[in-house]
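> requesting a structural model of the entry that follows:
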Amino acid sequence: MSSDRRMFLSAGLGVTVALASRASGLTTSAKAVSLESPPFPGNVSLDAEARAATAHDFGRLIHMQPRGVLRPASSADIASLMRWARSQGVKVAARGQGHSIYGRALVENGIVVDMAAMNSIRDIRQDRVVVDAGATWRDLLDATLAQGLTPPVLTNYLGLSVGGTVAVGGIGAASSRHGMQTDNVIALDVVTGDGNEVSCSATENPDLFNAVRAGLGQCGIVTRATLRLMRAPERVRRFQLFYRDLPSLTADQRRVLTEGRFDQLQGAVLPDGRGGWRYQLDGAVYHASGSTPDDKAVLSGLSDERGAAVIADLTYREDALAFGKFESLLRSKGQWSTPQPWLLTFLRGSNAERLAGDILAGLTGDAVGPFGRITVYPVFTKAFGTPLVRLPEEDVVFVFNLIRIPASNDAATAERMAAENRTLYDRIREAGGVQYPVGAFAMSPFDWEIHFGAGWPQLREAKQRHDPGHLLAPGYNVF
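Below is the predicted model of the structure:
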């Protein structure tokens, strides 16, 4: 097995990205932008390089040219901008690390608020931390681990901003036990669409709190968050198990989920390099130094191809940062900056194997590219409580993601994959599934109304109250 293949198989399986879609297809903005009128606040940069850098996102599928870029030093800067934007009717998009994949952190002929400089980690206590929204989860983890603490849920890729994942949910390998990252938010500081600086929590301004968490940035820009912490494990025993087919994989996934064998559980269907697939379960057990778990007991009764199993023992930090090695591999191959037409969904547990199997039967390895993957794994929904996080209403649902990383920068291939995503989404939605709202395909306002379901009136009313000018996060095309 080549070193690249080993790196690919050992990379983290679930990738959470921030923000999502507006345009009806793949577009490159060529519209001339007037920089003359209206007059901009003095701290908005009209620099051509700054504007060009915020005209695309990680997905590199949609391009929108902003009028200007605000790099705020404080929430007051953002509030001032929003009051000006409301007076002028100018759209505004918040940008964390730019890891949206279909233009959701972009704005055509409006203002991008680049949150990267608002990244301070302020107050670490035994059960919580106060952090600015522009900080990355990697920097936050480094700061909390220095005191033996960690957020309960980490996304596999830690280069995302705190504010970015709060806007969509933030799922990770420990979500069956601890829910979404939004379920571990204690309080938020927010600048609303009408320029007010507001603190909110479950007891203070709860309507805004519940509209901002997983609200796709529609009602306010998060500037600071208070997040739960727990004692960090010392070490992680990681088990990568391989299976002959999808039914064998999902049967064992269901078993270990029900029995609680792993502190983290994920899985994937991977290109095998020969036009077929490999099926992988990825589980992890936390333990203290000097008390390594009994591998035979952990794997007892499972039907994997035991000779192919890969077992590793890492510090908690090494394990959390493992995806960074995969990122480095993709960068070395020039594929980190190619289009990323991903599809991220949740399937009903009651029909997940059948639906996933039918979809897989119609795909080949080039459907995701040589370094792409299809993540497939079950989660308990009992730990999920954020009102605007949409899941099928069953006790167990399956994450089902097409992490497409095309082999080339071919625009036609990326456009075809995005069109396929829409077809697959319609099929999944008809079968009772929902999307994790960051996928690379176009959504209409009516699509979003269906997506949010019973939560739609809550979001619609909050939008009218906190962003009556419909200025915020236009890339989603929600309203």
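
> in the stretch 1-150 of the chain, where is pLDDT below threshold?
Counting by pLDDT under 70, the stretch 1-150 of the chain has low-confidence residues at 1-38.

> show me the biggest strand of the chain in terms of residues.
Of all the elements of type strand in the chain, the one with the most residues (DSSP state E) is strand 277-287.

> could you give the separation of it from the chain centroid?
On the basis of CA atoms, centre = their mean, to the nearest Å, strand 277-287 sits 20 Å off its chain's mean C-alpha point.

> stretch 339-353 too?
14 Å.

> alpha carbons only: can I get it in PDB?
The C-alpha trace of stretch 339-353 is given here as PDB (Å, rounded to 0.1, in the frame of the first residue of the first chain):
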ATOM      1  CA  PRO A 339     -13.500  22.700  -6.800                       C
ATOM      2  CA  GLN A 340     -15.100  20.800  -3.900                       C
ATOM      3  CA  PRO A 341     -18.700  19.800  -4.900                       C
ATOM      4  CA  TRP A 342     -19.700  18.100  -1.700                       C
ATOM      5  CA  LEU A 343     -23.100  16.700  -0.700                       C
ATOM      6  CA  LEU A 344     -23.900  16.300   3.100                       C
ATOM      7  CA  THR A 345     -27.100  14.600   4.300                       C
ATOM      8  CA  PHE A 346     -28.800  12.600   7.000                       C
ATOM      9  CA  LEU A 347     -30.700   9.500   6.100                       C
ATOM     10  CA  ARG A 348     -33.500   7.900   8.100                       C
ATOM     11  CA  GLY A 349     -32.200   5.000  10.100                       C
ATOM     12  CA  SER A 350     -35.100   2.900   9.000                       C
ATOM     13  CA  ASN A 351     -34.200   3.000   5.300                       C
ATOM     14  CA  ALA A 352     -30.600   4.100   5.400                       C
ATOM     15  CA  GLU A 353     -29.000   0.900   4.200                       C
END
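
> list the buried ones in that stretch?
Within stretch 339-353, the residues scored as buried using 16 or more other CB atoms under 10 Å are 339-349, 351-353. To be clear about C-beta, it is placed using only N, CA and C from the backbone, and glycine gets the same treatment.

> which one of these sits closest to residue 455?
When the buried residues of stretch 339-353 are compared for distance to residue 455 (CB to CB), residue 346 wins out at 14.8 Å.

> how about the closest residue to residue 468 other than its chain neighbours, phi and psi?
Closest residue in space to residue 468, ignoring its immediate chain neighbours: residue 194 at 6.4 Å, by CB to CB, 6 or more residues apart in numbering. For residue 194, the backbone dihedrals are phi -100, psi 10 (criterion: degrees, to the nearest 10).

> try residue 340
phi -130, psi 80.

> same deal with residue 357?
phi -60, psi -40.

> and it, how many residues sit next to it?
Residues within reach of residue 357, counting by other CB atoms under 10 Å, total 13.

> mind giving me a markdown table with the buried residues of stretch 339-353 and columns for pLDDT and distance to residue 227?
Converted to a markdown table, these look like this (pLDDT from 0 to 100; distance: CB to CB, whole Å):
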| residue | pLDDT | distance to residue 227 |
| --- | --- | --- |
| 339 | 95 | 32 |
| 340 | 96 | 27 |
| 341 | 97 | 31 |
| 342 | 97 | 26 |
| 343 | 98 | 28 |
| 344 | 98 | 23 |
| 345 | 98 | 26 |
| 346 | 98 | 23 |
| 347 | 98 | 29 |
| 348 | 98 | 30 |
| 349 | 98 | 29 |
| 351 | 98 | 35 |
| 352 | 98 | 31 |
| 353 | 98 | 35 |
